[in-house]
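S.K.: build me a structure from this.
(2 chains)
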Amino acid sequence: MPKIKYTLEKKEKDTKARLGKLKTNYGTFDTPMFMPVGTKATVKGVSPEELKEAHSGIVLANTYHLWLRPGEDLIAKAGGLHKFMNYDGPILTDSGGFQVFSLAKNKDKDIVEEGVHFKSHLDGSSLFLTPELSIEIQNKLDSDIAMSFDECPPYPVSYDYMKESVDRTLRWAKRGKEVHNNPNQALFGIVQGGEFQDLREYSCKETVKMDFDGYSIGGTSVGESKPVMYKMIEDGVRYLPEDKVRYLMGVGDPIDIIEGVIRGIDIFDCVLPTRIARHGQAFTRQGKITLKNAKFKEDFTPLEEGCDCYACKHYTKAYIRHLILADEMFGGRLLSIHNIRFLTRLTEDLRQAIKEDKLLEYRENFLKEYQGEKEKISR
RNA sequence: GCGGCGUUGGUGAAGUGGUUAACACGCUGGUUUGUGGCACCAGUAUGCAUGAGUUCGAUCCUCAUACGCCGCC
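M.R.: Numbering: from 1, shown residues only, chains lettered A, B, ... in the order given. Okay, the predicted model is just below:
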C-alpha cells in the first residue's frame, strides 16, 4: 500500500502546468491545490467542516509549534493529529525548518552540522532541533505527509554560504529519511539553492537521487523580488520527476499561485488568506480589499458577487466591516472562510484552464481584472 | 446677584513666555507569502473658548465677555 499516490492526468499545452490527483489514506484531492495553514493543529478560526465547505483538499500543521505545545506524545496519545483535531482529510506537517528562519530575528539561533540551537518563542528556553528529531516528531504526529528538515536561508546570502547550506540540507534530508519509520506517512524532500541556478539544479538532482515521495521548492518568499522568485521556481522544478507531486512552500498570493502553476507546481500553502482576514482584508476578483476602508461603510453587498462561500452567501461587506472595526472575532472567521474559498476556487479555475489548454489566456484575464488599472507586475 | 474654579484636535488629555503643541484612543491610508505576535508602518490641532492689552515674542501673564461646574445670598 503506497502512502500517497500521485497521478499525472494532463499537461497543459503552452506551459509546464500539470493536472493531477493526489491520493492519501485520508482522501484524494485534485491538483493544483491550495493548502490552508493550520499551524497549531487548527486553521485559525475555521472549523474542519468549514474547511471542507470551502473545498480545501489538505491542510498544513507545524512540527515546531506542536512539539512545543502540546507535545507530540500527547497528540500520539490522542490517536494522532487527525483524531486530535477532528479533521479526517489529508494533513501535511512542516518540519520546523522555516521557523528557524523566521525566528532568526531574535539572533538566538545557531546552525551547526548536527542541527539548530535556538530559543523557544514561548518561554525563551533553549531548544535543539535536528533532522532526526523533526522526523520522529512528525512520525508521532501521524500526518499524511512529512517534510524533510531543511535550512531556509534568508535573502540575500552569498554564493559560498548558499552552497554550504544546500549541502547541509542534503545531508539533513538523508539523515531524516534514514530515521523515518511511519508506514502511513509520505516524506518529501526540499529543493533549496536560493537564486543561484546551478545550486538549484544541484540541490534538485541530489534530492531526487534520494527518492522521496514528493518534492517541494523551499527558500522562496523570503524577501526576494517576484521575478527572482519565479526564476527560483523554474530552476527548482526543472529536474524534478514528472510522476511525483510538487509543492511550493509558503506561496502565495493569487498571482504567485497562477505563476507557480504555470511553472509546474501542484500544491501551495500560505498564511496570507487567514492572516489578512484577521487584519480585515479579503481577496476578490477585483483585487484585495480592506474592509476597514470607509467606502464599505454602507456597502450591503457580499464580499464578492457570485461567491459560493458561507460568508458571501449570508453576510454583507458593511456587516463584516462592522465586526472588524468592533474587534469581533466572527469578522475574522468570515473573512478567513472567504479567502480560503477564494484560493481553492482559483485552483479549481486553473485546473479547468489546464483541461482546456487555456492557462495563459486565463492568466491574462485574471490579471486584467485583479490588478485593474494598476501596473502589471514587473517581470 | 456675589465669589471660587475651569474652558487645548473627533475623544481622554499633557504642556511651555520663544524653531515642528507630548502621549493615548479614534479616524484615514498602507503592509503582510513553509503564522510567536487580531501585528506592523504612515498620516491625522497653521492652532490651545472669544475680544483686547503687556511683551521683541503669548496657548502659557493681565483685563473684559461667553459658556460650564461648585458655593453663598
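S.K.: the helix or strand of chain A with the lowest mean pLDDT and RNA strand B in contact?
M.R.: Here the helix or strand of chain A ranked lowest by mean pLDDT, DSSP states H and E is helix A:97-102, holding a mean of 86. Yes. For helix A:97-102, a contact with RNA strand B is found by C-beta under 7 Å from any atom of the strand, at A:Gly97, A:Phe98, A:Gln99, A:Phe101, A:Ser102. C-beta: built from backbone N, CA, C; applies to glycine.
S.K.: buried ones among those?
M.R.: In the residues of helix A:97-102 next to RNA strand B, burial by neighbour count holds for A:Gly97, A:Phe98, A:Gln99, A:Phe101, counting by 16 or more other C-beta atoms under 10 Å.
S.K.: would you agree the second one is in contact with A:Met249?
M.R.: Right, the one you point to is A:Phe98. Yes. Using C-beta atoms under 8 Å, A:Phe98 is in contact with A:Met249, at 7.3 Å.
S.K.: what is in contact with these two at once?
M.R.: A:Gly218 (C-beta atoms under 8 Å, 6 or more residues apart in numbering).
S.K.: measure the closest residue to A:Tyr159 other than its chain neighbours to A:Lys163 for me?
M.R.: Spatially, and ignoring its direct neighbours in sequence, A:Tyr159 is nearest to A:Phe196 (5.9 Å; C-beta to C-beta, 6 or more residues apart in numbering). According to C-beta to C-beta, to the nearest Å, A:Phe196 stands 8 Å off from A:Lys163.
S.K.: go on, A:Asp327?
M.R.: Taking C-beta to C-beta, one finds A:Asp327 at 48 Å from A:Lys163.
S.K.: between the two, tell me which one has more neighbours.
M.R.: When neighbours are counted by other C-beta atoms under 10 Å, A:Asp327 and A:Lys163 differ, and A:Lys163 comes out ahead with 17 against 8.
S.K.: so does the helix or strand harbouring that one get close to RNA strand B?
M.R.: Assigned by DSSP states H and E, A:Lys163 falls within helix A:159-179. No. Contact of helix A:159-179 with RNA strand B (C-beta under 7 Å from any atom of the strand) is absent, the minimum separation being 9.0 Å.
S.K.: cool, stretch A:239-251 as well?
M.R.: Yes. Part of stretch A:239-251 sits near RNA strand B under the criterion C-beta under 7 Å from any atom of the strand, namely A:Met249, A:Gly250, A:Val251.
S.K.: what about the strands in the stretch 101-250 of chain A?
M.R.: A:110-111, A:116-119, A:126-129, A:145-147, A:186-191, A:214-217, A:245-248 (DSSP state E, counting those that start in this stretch).
S.K.: identify all contacting residues around the shortest one.
M.R.: The reference is to strand A:110-111. Contacts of strand A:110-111 (C-beta under 8 Å, 6+ apart): A:Val100, A:Val116, A:His117, A:Phe118, A:Glu151, A:Arg168.
S.K.: now the two most distant members of these.
M.R.: Across the contacts of strand A:110-111, the longest distance by C-beta to C-beta is 15.6 Å; it joins A:Phe118 and A:Arg168.
S.K.: who has more neighbours out of the two?
M.R.: A:Phe118 (22 against 18).
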